[in-house]
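> predicted model follows, preceded by the sequence.
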Amino acid sequence: MSERVAIIGGGKIGEALLAGLIASGKPARDLAIVERGPERAAELADVYKVLVTDIPTAAEHAQIVVIAVKPDAVDSVLAELGKVEDNNDVERVTVTLVAGLPAAKYENALPAGSPVIRVMPNMPLLVNEAMSALAPGRYATDEQVAAVSELLSAVGKVMVVPESQMDAVTAISGSGPAYVFLLAESMIDAGVALGLTRAQAAEMAKQTIRGAGAMLTESGMTSTDLRAAVTSPGGTTAAAITELERGGLRSTMYAATAAAAAKSAKLSRRSELEGSSGNGKDRED
């Protein structure tokens, strides 16, 4: 990867991306990060040996600018970024990792025709196991999409989707880790009720989920085939699956993901309305 990358935001997400890029072989000289807190800025510079600077300096020489800030900081970032002229042979592309804000918000705030790519990562980005969905804006080229996909592959898997699917992405992969964590909680509590210590139940649940995830990604089998392979007719797993189905596991998951997608769509619509009135804040109800 030869592109110079500027990351605006030195929080957990920005740092995780920075660390993943360096671990993948990206030279520190091709990276810059923006962090306003003096202590945090000094920490990032010391740990990663990269330039920690302001938005104009970071963006001026970058081909890819990644925005990784909270939604209520986006307007001020765009105001500064919009004043920075390209100082490269390659057009700068703005990549947003901010949840709930459509690409059009960035396109409207930046100079006309600015390429924007919206990305929905999920929490496992913090351990280089993200599922990142990438939605190109109106002006992003295939080459820019490919470059950003390669960049994000340093912290997990990448899938290119139309922006119209971002609410569904939010419901499945964006919020998805919380569903797995809730499953783990339930398994641990059930283990304790059956006589295990909490430590024993926690270790069993964590390793079981880890192993099952590895089989899903590495075995080449579908989730249906894997479930069937574990479920012997008339056996213990079959008894458990019968109770899960009787409890409405599938219908509850459908309802849960539909609720998440509807909430995502609502937040996106509100951000568009607030953006048109000069207020880009995106708050949960």
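Structure received.
> residue ranges in this protein under the pLDDT threshold?
1-2, 88, 271-285 (pLDDT under 70).
> can you give me the helices in it?
12-23, 38-48, 55-60, 74-81, 103-109, 142-152, 166-169, 176-193, 198-218, 223-230, 236-246, 249-276 (DSSP state H).
> which elements pack onto the second one?
Helices and strands touching helix 38-48, as assessed by 3 or more CB pairs under 8 Å, 6 or more residues apart in numbering; DSSP states H and E, comprise helix 12-23, strand 31-34, strand 51-53. (Each C-beta comes from the backbone N, C-alpha and C, glycine too.)
> hey, which of those is tucked in deepest?
With neighbours taken as mean count of other CB atoms under 10 Å, the helices and strands packed on helix 38-48 reach their highest mean count in strand 31-34, at a mean of 25.
> which outside residues touch the strand ranked longest in the chain?
The longest strand of the chain (DSSP state E) is strand 130-136. The contact list for strand 130-136 (CB atoms under 8 Å, 6 or more residues apart in numbering) reads 103, 117-125, 144-145, 148-149, 152, 155-163, 165-166, 169, 173, 176.
> run the last query once more with 6 Å
117-122, 124, 145, 152, 155-161, 163, 166, 169, 173 (CB atoms under 6 Å, 6 or more residues apart in numbering).
> just the buried ones from those residues, in ChimeraX syntax?
Of the contacts of strand 130-136, the buried ones can be selected in ChimeraX as follows, counting by 16 or more other CB atoms under 10 Å:
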select :117,118,119,120,121,122,124,145,152,155,156,158,163,166,169,173
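> hey, which of the helices of the chain is tucked in deepest?
helix 166-169 (a mean of 22).
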